[in-house]
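> here you go, sequence then predicted model.
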Amino acid sequence: MAEQTKKSFLEKAAESQVWKSIFRGGGVPRNRRQRMMSVLNSVFLHLHPVRLPKHAVKLKFTWCMGGLSFFIFLILTISGILLMFYYRPTIEYAYTDIIDLAEQVPFGIMRELHRWGAHAMVITVWLHMFRVFMTGSYKPPREFNWTVGVILLLLTLMLSFTGYLLPWDQLAIWAITVGSNMARAAPFLGHEGPGASLLAIGDINFITMASDARFALIGGRFMGEAALLRFYVLHCIGLPFIIMIFMSIHFWRVRKDGGISTPV
Amino acid sequence: MLEGKKTATKPPVRKAPAALGETVKDNEVSRRSFFSWLSLGWIGFVASTGGFFTMMLRFFFPNVLFEPVQTFRAGYPDDYIIGEVDTKWKDKYGVWIIRNREGIYALSTVCTHLGCTPNWLASARKFKCPCHGSGFKSTGINFEGPAPRPLERYRIVLADDGEIIVDKTQKYQQEKGQWSDPEAFLRV
């Protein structure tokens, strides 16, 4: 008994069944291998590399732009979910709800945080791409991850584009009117684009104003309620879901391709 | 544990795998046919799920649109003054109705540059787009700014009771020579 009382509380806790069922590997890690195993066996710890090369934390080399992009993404996710508690995606309420969020709801800065964060994320993602290009980090074996990164850039821009409509002010409506008109001219898929008239049987056109890419994007022939709802769903659920899948692949590949690339 | 096992039993007798030498009985599934069925199953699975998601694309094209009506009655020809641009239908239907000495035509309020809505400047007698500065004459012909072609005209006809009907589902483009169509211009 006397011997056991000498053990600290933490040591006793580490021997309990509860502790052992949560943290595999048995007790406090005492050597290098045990430390590595305890990192690999924890879902939270394993997100971070077991070991970091010294150069990987050099700000001069990485600019920390990838990490900043992810950090801003987290801020946008949290502030975005908070905004969803007040914002209603209908023509009647959308604009006034944004005003309400900015002026009446406590912490009105949440809306500003989301908007400025969105601008910042587009900038950091571009700078991250620029850094990766300048340091040659797209070269083998990282070609695949560069491609995933380009997809992430496009998804970031699409998130930015869909979010831009949601305040439903004049700037947003006309920006999206102009933006979605580009889909009108898409080859084969837009009703005014090249090749669209080829997709027809006799007099029946398959690509019309009510069946082309623009129609699928804004859910109608004109900018209206359907467009707002579609952009809202894409912005809050569709695109974040896709971007998270690609982000997982991106981060996993960074590790598997040998961690952050080494300066020459 | 491991040591105990070692001493307790002699090494187990290994059976030769069925594929080597032994013939397969009729009611048994051979390795080859197992893989055939397996790949057939996978092809079926991928085809049906792929087909399902392809069909799901149709989901994004609704059958009923809750959009404003595209055809409207615009009053009688006498309601419109010769030589003036009438802007009363601009907000509701996106149409300007203009009467000249020969007749009446309906102009679309969508700028042919990027789709904004120009304003009618009565003193300068031109449509001016606030987005990028495109200018159009009262006929709809573009004369300044980035707009690449004239404004579009809509189908305009008289109803049996003499009232004007504007049909926005039918449009006429000047650069395609469609303005000479009898229904693009209402002679009065």
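Sure thing, it's come through.
> can you pull out the strands in the chain?
All of this refers to chain A. Here chain A has its strands, by DSSP state E, at A:200-201, A:204-205.
> was after chain B, sorry
B:71-73, B:84-86, B:95-99, B:103-108, B:119-121, B:126-128, B:135-136, B:142-144, B:153-158, B:164-172, B:186-187.
> of those strands, which is nearest chain A?
Nearest to chain A, of all these, is strand B:164-172, at 9.2 Å by CB to the nearest CB. For every residue, glycine as well, the C-beta is placed using N, CA and C.
> residue 155: neighbour count?
In the absence of a named chain, chain A is used. A:Leu155 has 19 neighbours, counted by other CB atoms under 10 Å in any protein chain shown.
> switch to chain B, please.
18.
> so who does it touch?
Counting by CB atoms under 8 Å, 6 or more residues apart in numbering or on different chains, B:Arg155 makes contact with B:106, B:166-172, B:183-184.
> just the buried residues of these.
B:106, B:166, B:168, B:170-172, B:184 (16 or more other CB atoms under 10 Å in any protein chain shown).
> give me the pLDDT for A:Asp257.
Looking at A:Asp257, its pLDDT is 86.
> same question but for B:Lys171, I mixed them up
For B:Lys171, pLDDT reads 88.
> so what's it bridging to?
On the basis of DSSP bridges, B:Lys171 is bridged to B:Tyr154.
> look up how far B:Asn100 lies from it.
20 Å (CB to CB, to the nearest Å).
> returning to what we had before: save the strands of chain A as JSON lines, and put in mean neighbour count and mean pLDDT too.
Converted to JSON lines, these look like this (neighbours: other CB atoms under 10 Å in any protein chain shown; pLDDT from 0 to 100):
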{"stretch": "strand A:200-201", "mean neighbour count": "10", "mean pLDDT": "84"}
{"stretch": "strand A:204-205", "mean neighbour count": "12", "mean pLDDT": "82"}
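> want to try TSV for those, with distance to chain B as columns?
What follows is the strands of chain A, written out as TSV (distance: least, CB to the nearest CB, whole Å):
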stretch	distance to chain B
strand A:200-201	17
strand A:204-205	14
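> near chain A, which residues of chain B?
Within chain B, the residues that sit near chain A (CB under 8 Å from any CB of the partner chain) are B:60-62, B:65-68, B:114-116, B:131.
> the residue nearest to A:Leu228 when sequence neighbours are not counted: neighbouring residues, count only.
Setting aside the residues directly before and after it, A:Leu228 is nearest to A:Pro89 in space (CB to CB, 6 or more residues apart in numbering or on different chains), at 5.3 Å. Residues contacting A:Pro89 under the criterion other CB under 10 Å number 20.
> check contacts around A:Pro89.
Contacts of A:Pro89 by CB under 8 Å, 6+ apart are A:166, A:228-229, A:232.
> mind running it again at 6 Å?
A:Pro89 sits next to A:228-229, A:232 when contact means CB atoms under 6 Å, 6 or more residues apart in numbering or on different chains.
> tell me how many other residues crowd B:Glu28.
10.
> quick check: it vs chain A, distance?
According to CB to the nearest CB, to the nearest Å, B:Glu28 stands 42 Å off from chain A.
> ok, the closest residue to chain A within chain B - how many residues close by?
The minimum distance from chain B to chain A, using CB to the nearest CB, falls at B:Leu114 (4.3 Å). Look at B:Leu114: counted by other CB under 10 Å, it has 19 neighbours.
> with that, I have no additional questions.
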